[in-house]
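J.: Provide a 3D model corresponding to the input given below.
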Amino acid sequence: MSLAVLGKESLDELTDMATRLFSPIRNLDVSVEDPKSLPFRAEDLGIIVKLVPVKENRSLTVKFPMRDFCMEYKSCPMHYLGHQIGHEARGSLLSLLKSLGYCNCLEAGLGYSPRSFDVFEVSVDLTERGVEHVDKVVEHIFQYIALMKSVEPEEWMFRELSDISAMSFRFQNQTEPVKKVVSVAEKVQHFPFVDVLSVNELYDDFRPDLIKEGLSKLTPDNSRIEIVSKKFEGKTDKKEKWFGADYSVERIDEERLKTLATISLHPELALAPRNEFIPRNFDLKPVGDHAPSVPVLVKNSDLTRVWHKPDTHFNMPKFCVGVQLLTPTIYESPMSYIYSFLFSILFSDALAEYSYMATRCEINYSATNLPRAIELFVTGYDDKLRNFLEKIVVELLTFNPTEERFAVMKEIMLLELQNYAAEAPYSHANDLIEHLIRNRHFRVPDMIPHAPDVTLEGLKEFLASLFSTCRVNVMAVGNITRKEAVSLGDWVENKLVELYRSTPIAVDKMWEHQLIKLPVGCSYIHTAVNEVHNSSCVQIYYQFGELNVDDSVRLYLIDQMMEEKFFTALRTKRQLGEIFLYSCHWTAAATITATAGR
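T.: This is a model prediction of the structure:
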């Protein structure tokens, strides 16, 4: 048995507590022996498994079983392989597959596996075109593996990964206590005590031999290829025991295995480049003796408002910037809202190659379409963040979608809309509540009839006027000075005027999409039919009206006090349903959600 205890008490107090509570547990001297061989038989490898999903879903996963590398935590060879195959910069496997219209996402690395063996996985989602050309997708995966095998492992790349991991370990966010003790208690069973807190995070032993060993297992005859698609309906001959999923298993013929094993390199594929975003300066900027405890408005022009709040608590060399571009164009009609959604996913897709290396260094961004605004958030280490943010903003304001990626993203959007009916009942309840309490709200059923009619030309016309009238709100929080925050707001405003000739939005247009104030003492019931799930959902909405800051804090305190008791009483003890939620939110309201079988 291993035990981890975390608390605010002194070490002596924690030791006494642990000794008193856990000493009565008898040590049975049980030893657990790891299996000496992999659990995969010869007939389990070199096969293709075809599965039929419940939802409209398409994916490909290539799995390679290998020995357990967990004790190689000082060199982490699988991190190196996962980074190479999974990188998303120019020349990556993902970039090639996206350019061919075969997929949109790719992940590579160790999948979940029990101790004694590992499974390295390469997973991609598939477009309809990707399903039709799935053999080509598999070939490109093995072409990239062949490229890796054609060169020696690079020590500079290993050092980059090591530096990034050490930086993340040094400046990691506080972990939830329960997650921390679970992790430590598990690792104490397997690793030296001195390394328990840093396993797989602090590593500096470059072992090209281990990288080559792992790479040697990425072969066609040591693979399991799993393809998920509705295309296989009616073409399978097996049914999974527990969930009833339809599937079939086929052996890959010897000629195909030989072709994949000796495949030639692809001219458009390249290994991961050096990372320009690795921060080197972690200095904290002075905040002064009278730093504000709440964000302060530091710029207020007709077009732009900027708030600033320095970090006075966490002492991290990071900051976060939120840029909210309020514009009435987004919610003019269901079609314009659809175009705003397409814009957000196309923009993120187009920036994937550029932003990937920044993401590896914990410089992250998101671009989201909302009913009243496009919101851009950028967060990370301040050493390289300003340059990254400026690049993202310029790309946002000058974005020009391509026909190929528009077709792919339109397909994804239509797929998501088709799957709306199969979403969990509580998702539909949330959507219906929003629809009922707002004076203007487009639901998915409102958009479905219009979605097939979107065109690239229509999207470009929408973008041409998107920010012609707008209002910009900027929030800068963290390791950034007041002067830098104002400078950032000035720069964003100047770019809007320069690239869009933006003018300020009229005040009456800024507050069009407000909540409906419910009459005191009112009670309304709205019902809807769920045609897909064998479960129902009840959601109750309580509106409290306008609240001041103190009342809002009290409301969130009630939320915290009620959540666990609510779940325990109705779900655990009375077992009245599957999901019970109690939540308070910024709309000065509380919702109670219950999902149960019919």
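J.: for Leu6, phi and psi?
T.: Phi and psi for Leu6, reported as degrees, to the nearest 10, are phi -130, psi 130.
J.: give me the pLDDT for it.
T.: For Leu6, the model assigns a pLDDT of 94.
J.: what do you get for Ala590?
T.: Predicted confidence (pLDDT) for Ala590: 64.
J.: and if you look at Ala596?
T.: Looking at Ala596, its pLDDT reads 58.
J.: for stretch 228-242, what is the distance to the chain centroid?
T.: Its chain's average C-alpha position is 29 Å from that of stretch 228-242, according to Cα atoms, centre = their mean, to the nearest Å.
J.: over to stretch 90-101?
T.: Stretch 90-101 sits 20 Å away from the centroid of its parent chain (Cα atoms, centre = their mean).
J.: check what contacts it and list those residues.
T.: 85-89, 103-106, 124, 127, 129-130, 133, 136-137, 140-141, 144, 266, 268-273, 349, 352-353, 356, 404-405, 407-408 (Cβ atoms under 8 Å, 6 or more residues apart in numbering). The way it works is simple: take the backbone N, C-alpha and C, and place the C-beta from them, glycine included.
J.: again, 7 Å this time
T.: Stretch 90-101 has contacts (Cβ atoms under 7 Å, 6 or more residues apart in numbering) with 85, 88, 103-104, 106, 124, 127, 129, 137, 140-141, 144, 266, 268-270, 353, 404, 408.
J.: just stretch 358-368 next, same as before
T.: If you take Cβ under 7 Å, 6+ apart as the criterion, stretch 358-368 is touched by 164, 168, 275, 277-279, 344, 347-348, 355, 374-381, 384-385, 388, 392, 396.
J.: how much space between Gly7 and Val178?
T.: To Val178, Gly7 is 12 Å away according to Cβ to Cβ, to the nearest Å.
J.: mind checking which of the contacts of stretch 358-368 are in strands?
T.: Those of those mapping onto strands are Ile374, Glu375, Leu376, Phe377, Val378, Thr379, Gly380, Tyr381, per DSSP state E.
J.: can you select the buried ones among those residues for me in ChimeraX?
T.: Only the buried entries of those go into this ChimeraX selection, using 16 or more other Cβ atoms under 10 Å:
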select :374,375,376,378,379,380,381
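J.: and the ones in strands among the contacts of stretch 358-368 as JSON lines, adding pLDDT and distance to Val249?
T.: Conversion of these to JSON lines gives the following (pLDDT from 0 to 100; distance: Cβ to Cβ, whole Å):
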{"residue": "Ile374", "pLDDT": "95", "distance to Val249": "47"}
{"residue": "Glu375", "pLDDT": "96", "distance to Val249": "46"}
{"residue": "Leu376", "pLDDT": "96", "distance to Val249": "46"}
{"residue": "Phe377", "pLDDT": "96", "distance to Val249": "45"}
{"residue": "Val378", "pLDDT": "96", "distance to Val249": "46"}
{"residue": "Thr379", "pLDDT": "96", "distance to Val249": "45"}
{"residue": "Gly380", "pLDDT": "95", "distance to Val249": "45"}
{"residue": "Tyr381", "pLDDT": "95", "distance to Val249": "48"}
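J.: report the two of the ones in strands among the contacts of stretch 358-368 separated the most.
T.: Greatest spacing in the ones in strands among the contacts of stretch 358-368, by Cβ to Cβ: Ile374 and Tyr381 (24.8 Å).
J.: what's the pLDDT at Ser123?
T.: Listed pLDDT for Ser123 reads 97.
J.: so where's the stretch 101-250 of the chain uncertain?
T.: 113 (pLDDT under 70).
J.: in it, which spans are strands?
T.: 106-110, 117-125, 224-228, 238-239, 246-251 (DSSP state E, counting those that start in this stretch).
J.: show residues contacting the shortest one.
T.: The reference is to strand 238-239. With Cβ under 7 Å, 6+ apart as the test, strand 238-239 has contacts from Asp246, Tyr247, Ser248, Val249.
J.: relative to Val54, how far out is the first one?
T.: With distances taken as Cβ to Cβ, Asp246 is found 10 Å from Val54.
J.: looking only at neighbour counts, state which of those two leads.
T.: Between Asp246 and Val54, counted using other Cβ atoms under 10 Å, Asp246 has the larger neighbour count: 17 against 11.
J.: kindly export the host helix or strand of Leu97 (C-alpha atoms) in PDB.
T.: Leu97 is located in helix 93-99, with elements delineated by DSSP states H and E. The C-alpha trace of helix 93-99 is given here as PDB (Å, rounded to 0.1, in the frame of the first residue of the first chain):
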ATOM      1  CA  LEU A  93       1.800  15.000 -41.400                       C
ATOM      2  CA  LEU A  94      -1.300  16.900 -40.300                       C
ATOM      3  CA  SER A  95      -0.600  19.700 -42.800                       C
ATOM      4  CA  LEU A  96      -0.400  17.200 -45.700                       C
ATOM      5  CA  LEU A  97      -3.600  15.400 -44.700                       C
ATOM      6  CA  LYS A  98      -5.400  18.700 -44.300                       C
ATOM      7  CA  SER A  99      -4.200  20.000 -47.700                       C
END
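J.: mind starting the numbering at 603 from now?
T.: Got it, first residue is 603 now, which makes that one helix 695-701.
J.: tell me, what's the model's pLDDT at Glu1005?
T.: pLDDT, Glu1005: 93.
J.: same question but for Ala620, I mixed them up
T.: Reported pLDDT for Ala620: 93.
J.: quick revisit: next, the buried residues of the helix holding Leu699.
T.: By neighbour count with 16+ other Cβ under 10 Å, helix 695-701 contains the buried residues Leu695, Leu696, Ser697, Leu698, Leu699, Lys700.
J.: who has more neighbours, Gly609 and Val780?
T.: The residue with more neighbours, out of Gly609 and Val780, is Gly609; 12 against 9, by other Cβ under 10 Å.
J.: point to the residue nearest the middle of the chain.
T.: Most central in the chain under Cα atoms, centre = their mean is Ser968, positioned 10.1 Å from the mean C-alpha point.
J.: check which helix or strand covers that one.
T.: Assigned by DSSP H and E, Ser968 falls in strand 966-971.
J.: okay, angle between that strand and strand 975-983 too, please.
T.: 180 degrees (axes from the mean of the first three to the mean of the last three Cα atoms, to 10 degrees).
J.: give the partner strands of strand 966-971 in its sheet and their orientations.
T.: Each strand paired with strand 966-971, and its direction, by DSSP bridges: strand 975-983 (antiparallel).
J.: now what about the partner strand, what contacts it?
T.: Residues outside strand 975-983 that contact it (Cβ under 7 Å, 6+ apart): 881, 919-920, 922-929, 963-970, 987, 990-991, 994, 998.
J.: make a PyMOL selection of the buried ones in the contacts of stretch 692-703.
T.: A single PyMOL command selects the buried members of those (16+ other Cβ under 10 Å):
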select buried, resi 687+690+705+706+708+726+729+731+739+742+743+746+868+871+872+955+1010
